[in-house]
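> Just a sequence and a predicted model for now, questions to come.
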Amino acid sequence: MKIVIVGAGGHGRVVLDIFRNNHQFEIAGFLDSNPELLHQRIDGVEVLGDLSLLDGFAELGIGGAIVAIGDNRIRQVYAETIEKAGVSLINAIHPSATVTDTARVGKNVVIATGVNVCTHVTIADSVILNTGCIIDHESYIGPAAHICPGVRMAGHVKVETAAFIGIGATIVQNITVGEEAVVGAGAVVINDVPAYNTVVGVPARIVKTSRLSITSMEKTANSTDWDLNRTIPARPKRIRPKLTIQPVLHR
């Protein structure tokens, strides 16, 4: 089957490499909204245009697509738009990844090099499991979550919708990471992380709280202002300067 990769950035190149290693699909090209990339070749594959081409896929013999965009909410909405156009969403699973037979994997999922998905894990739609991460038994990764390279996640962990787990983070067993929460790089999470909070450090502590506007869920795939509808309370003044560790965001 011919497919397209939606997103011609760094993550798109990772997904292209996965497909070239498993030889499962024929890559027809990239789709990207950046007009400067039109007809350019990314690692030898042409950027055909943007999502406006979806209606003509049948004539081109293109039957599938995968969204390779790092922003969790944008990836989720683009996937919904593609499905509404009647195009199948497919997965990119590197042949070096280990996914047990008892694991359940949704659609539009990327499982990169060296990932280990253990017994009875559930991976929802539009999830990214990045290089070398470990998802242990009976854990749940919610829709559009991103688990970064080198993350170690123990059993019975729940990661809710669109959460971001930074590179090299460790999450102990029976923890819940809430919707759109961010776990900073290298953090060790030993307590639940509330939705829309950012935690960093060893052990992880909350450094930022934000609130998702209800209206942002109504955005479409053409939106460019997902982050404009957040209210971030001002932080209290500190008596003395303190180093703030910023989470590494993969985009």
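Nice, I can see it.
> Please save the CA atoms from stretch 110-120 in CSV.
What follows is stretch 110-120 as a C-alpha-only set of coordinates in CSV (Å, rounded to 0.1, in the frame of the first residue of the first chain):
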residue,chain,number,x,y,z
VAL,A,110,5.1,5.3,16.3
ILE,A,111,7.2,2.8,18.1
ALA,A,112,10.9,3.7,17.5
THR,A,113,14.2,1.8,17.7
GLY,A,114,14.8,-0.4,20.7
VAL,A,115,11.5,0.2,22.5
ASN,A,116,10.3,-2.5,24.9
VAL,A,117,6.5,-2.8,25.4
CYS,A,118,5.8,-5.4,28.0
THR,A,119,2.9,-7.7,28.8
HIS,A,120,-0.7,-6.4,28.8
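> Check the average confidence over it, would you?
Averaging pLDDT along stretch 110-120 yields 97.
> now do stretch 67-80
On average, the pLDDT along stretch 67-80 is 96.
> so how many other residues sit close to the residue lying closest to Cys133 once chain neighbours are set aside?
Residue nearest to Cys133 in three dimensions, not counting chain neighbours: Val151, with 4.2 Å by C-beta to C-beta, 6 or more residues apart in numbering. The way it works is simple: take the backbone N, C-alpha and C, and place the C-beta from them, glycine included. If you count neighbours by other C-beta atoms under 10 Å, Val151 ends up with 26.
> On the three-state scheme, Thr198 is what?
Three-state call for Thr198 (DSSP: H, G, I helix; E, B strand; the rest coil): strand.
> who touches it in this structure?
181-184, 206-210, 247 (C-beta atoms under 8 Å, 6 or more residues apart in numbering).
> Just the buried residues of those.
Using 16 or more other C-beta atoms under 10 Å as the burial test, the contacts of Thr198 include 181-184, 207-208, 210, 247 as buried.
> Tell me the one of the contacts of Thr198 nearest Ala169?
Nearest to Ala169 among the contacts of Thr198 is Val183, at 4.9 Å by C-beta to C-beta.
> contacting residues for the closest one?
Applying C-beta under 8 Å, 6+ apart, the residues near Val183 are 163-166, 169, 171, 177, 189, 193, 198-200, 204, 247.
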